[in-house]
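In: whatever this is, show me its structure:
(one chain, ligands or ions: 1)
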Amino acid sequence: MSRNLPSSINEIPTPALVLDRAALDGNIARMAAFFASGPCRLRPHFKAHKTPEIAKRQLAAGSCTGMTCATVGEAEIAAGFCDDVLLANEIVTPEKCARVAALARRVRVTTAVDSLAGLEALSRAASEGGVRIGVLVDLNVGQGRCGVEPGEAALTLARQAAQSVGIELRGVMGYEGHLQPVRDRGERESRTRQAMRGLVHTANQIRDAGLLCEIVSAGGTGTFDISGRIDGITEIQAGSYALMDTDYGAVGVPFEPAFWVLGTVVSRPARDRCVADCGHKSMTKDHSLPGVRGINGAKVTSLNDEHATIALPPDSPIKIGDRVELLPSHVDPTINLHDLFYVVDGQTVVDVWPIAARGYLEHRTKMEGPA
Ligand SMILES: Cc1ncc(COP(=O)(O)O)c(C=O)c1O
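Out: Predicted coordinates for the structure are as follows:
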C-alpha cells in the first residue's frame, strides 16, 4: 500500500476511529443472510457510516435493492457506486431539487415527499432537467417527525404525485424511528406490527385506486426482523447494524460492535481516575456516555470537548500514554465527526477508509472550488 499507514494500532494518532474489519464483515453477512430469504430486501442506510468502502461491502454481500440516503450530498456520493438510490427524506429547495434531477440522469433516484409544495418543487426540477424523479409518499407511522397521516391524506398526495409532470409514483415509506430503541422485544414487536398496519393498508389503498405502489419501505436496525417479515413491506432501511453502538447493544440485536474511538491517556491524576484525549468533539454523547472496551471495571464519567474522564478500579495499572478504546452510544453523529476509519485486523492497520460523505458537502465544494 502506497499510503503512509501506521502499521500497528499503537501508532494511530488519537483521537481516531478504528474499524474492526472482521466484525464489520460479520455484521454485514448476518444482515444479508436474513434478507436472502423471504420477499423483503435490504436497502442499507448510507447516513450511518457515510463511507463508500463500507457501502460497497454491503451491496456486494447481496440481498440489497440499492442504498438509502438522508441528504442530497450523500446521494451524490452513493451514485458513484450504486445505481439505485433512495433519499428517505424531504427535499424541497429549488437548488437541492435540481441536484436530485441531475442525479436522476445518472442513476435511478427515488425521494420521499410529504407535501404538495415538495412535490411541486421536485416536479419543476424534473421538467427543467428533462428527467423523471421517483417519489415515495412519506407516512407518519407514529414517530411524529415528517410524513402525512396514513389513509386518505396519503392517498390524496399519491394521486397528486401520479399526475405530476416528471414524477413517477413508486410507493410509500414509513419509518418507525420511535420504536427502534424499545428494549423489550415483545413490546417492540407488537408496536411495530401496529405501526406497519397503517403503512401496508395505505399501500393497498393506493393500488386499489389504480396507482402504482411497487415500494413499501420502513425499518431500521431495531426492527429489521419485525418489519422485514411483515407481508407487504418490500424493503428495510437499516444502517447502524454494520457498525453498532452501545444503544443498539442494549436493544439486543444480533450484531457486534465493529468500531470504537481510540484515545490516549493524558493524565492519571488520581488512583481511581484517568483522563484520555477523546472528548465529545470525537464522539457524540446524545444517547449516553460511551462504554469502555477491554478495561475491567472502567467507566466513562464525563466527556468534555477534548477530554474523556474515566473512573478506574484503584489498582488499575493504566498509565499516561496508554491507549483506551471507547464504544460510542450512537453511530451516525460520531462518524460524522471524523475524516476516516483506520481499518484493523487484530493489532494491524490494514487500510484507511475515507468517510467521504461526512459533513455538508455543498459547503466543502464551495471552499475547494476554483479560486
Ligand atoms: C428515515 C430513516 N430510515 C431508517 C433509519 C434507520 O437507521 P438505523 O438502522 O441506523 O437505526 C433512520 C435512522 O435514523 C432514518 O432516519
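
In: scan the protein for its longest strand.
Out: Criterion DSSP state E: the longest strand present in the chain is strand 259-270.

In: helices or strands next to the following helix or strand past that strand in the packing?
Out: Toward the C-terminus, strand 259-270 is succeeded by strand 273-276 as the next helix or strand (DSSP states H and E). The contact analysis (3 or more C-beta pairs under 8 Å, 6 or more residues apart in numbering; DSSP states H and E) places strand 273-276 against strand 259-270, strand 308-311, strand 323-327. Where you see a C-beta, it was placed from the backbone N, CA and C, and this is true even at glycine.

In: would you reformat those as a markdown table and include mean pLDDT, mean neighbour count and distance to the ligand?
Out: Below are those laid out as a markdown table (pLDDT from 0 to 100; neighbours: other C-beta atoms under 10 Å; distance: least, C-beta to the nearest ligand atom, whole Å):
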| stretch | mean pLDDT | mean neighbour count | distance to the ligand |
| --- | --- | --- | --- |
| strand 259-270 | 98 | 20 | 13 |
| strand 308-311 | 98 | 22 | 24 |
| strand 323-327 | 98 | 22 | 16 |
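
In: circling back: can you give me the offset of the longest strand of the chain from its chain's centre?
Out: Distance of strand 259-270 from its chain centroid, counting by C-alpha atoms, centre = their mean, to the nearest Å, is 27 Å.

In: so what does that strand touch, helix or strand wise?
Out: Against strand 259-270 (3+ C-beta pairs under 8 Å, 6+ apart) you get strand 16-20, strand 273-276, strand 323-327, helix 331-335.

In: could you export these as a markdown table, including distance to residue 351?
Out: As requested, the helices and strands packed on strand 259-270 are exported to a markdown table (distance: least, C-beta to C-beta, whole Å):
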| stretch | distance to residue 351 |
| --- | --- |
| strand 16-20 | 9 |
| strand 273-276 | 25 |
| strand 323-327 | 19 |
| helix 331-335 | 16 |
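
In: picking that back up, how about JSON lines for the helices and strands packed on strand 273-276, with distance to residue 227 added?
Out: Formatted as JSON lines, the helices and strands packed on strand 273-276 follow (distance: least, C-beta to C-beta, whole Å):
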{"stretch": "strand 259-270", "distance to residue 227": "25"}
{"stretch": "strand 308-311", "distance to residue 227": "36"}
{"stretch": "strand 323-327", "distance to residue 227": "26"}
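
In: and what about the residue of the stretch 1-150 of the chain found nearest the ligand, helix, strand or coil?
Out: The stretch 1-150 of the chain approaches the ligand most closely through residue 88 (4.2 Å), counting by C-beta to the nearest ligand atom. The three-state assignment at residue 88 reads strand, by DSSP: H, G, I helix; E, B strand; the rest coil.

In: now for the chain, the helix or strand with the poorest mean pLDDT.
Out: Using mean pLDDT, DSSP states H and E, helix 361-368 stands out as the lowest-scoring helix or strand of the chain, at a mean of 78.

In: contacts for that one, please.
Out: Outside helix 361-368, the residues within contact range by C-beta atoms under 8 Å, 6 or more residues apart in numbering are 72-73, 76-77.

In: re earlier: quick one: closest of the helices and strands packed on strand 273-276 to residue 207.
Out: The closest of these to residue 207 is strand 259-270. By C-beta to C-beta, the value is 41.3 Å.

In: output the longest helix belonging to this protein.
Out: Taking DSSP state H as the criterion, the chain has its longest helix at helix 185-208.

In: send over it as CSV, restricted to the C-alpha atoms.
Out: C-alpha atoms of helix 185-208 as CSV (Å, rounded to 0.1, in the frame of the first residue of the first chain):
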residue,chain,number,x,y,z
ARG,A,185,-38.7,-7.4,22.3
GLY,A,186,-42.4,-8.3,22.8
GLU,A,187,-43.3,-4.6,23.1
ARG,A,188,-41.1,-3.6,20.2
GLU,A,189,-42.7,-6.3,18.0
SER,A,190,-46.3,-5.6,18.9
ARG,A,191,-46.0,-1.8,18.5
THR,A,192,-44.1,-2.2,15.2
ARG,A,193,-46.8,-4.5,13.8
GLN,A,194,-49.4,-2.0,14.8
ALA,A,195,-47.4,0.9,13.2
MET,A,196,-46.8,-1.0,10.0
ARG,A,197,-50.6,-1.9,9.6
GLY,A,198,-51.3,1.7,8.5
LEU,A,199,-48.4,1.7,6.0
VAL,A,200,-49.4,-1.6,4.4
HIS,A,201,-53.1,-0.6,4.4
THR,A,202,-52.3,2.7,2.7
ALA,A,203,-50.2,0.9,0.0
ASN,A,204,-53.2,-1.3,-0.7
GLN,A,205,-55.5,1.8,-0.9
ILE,A,206,-53.1,3.3,-3.5
ARG,A,207,-53.1,0.1,-5.6
ASP,A,208,-56.9,-0.1,-5.3
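
In: and the helices in the chain?
Out: According to DSSP H, the helices that the chain contains are 21-36, 52-60, 72-78, 94-106, 116-129, 152-162, 185-208, 224-227, 246-251, 331-335, 361-368.

In: what residues does the third one touch?
Out: Applying C-beta under 8 Å, 6+ apart, the set of residues contacting helix 72-78 from outside is 46-47, 50, 52, 55, 67, 69, 85, 87, 91, 96, 99-100, 103, 109, 356-357, 360-362.
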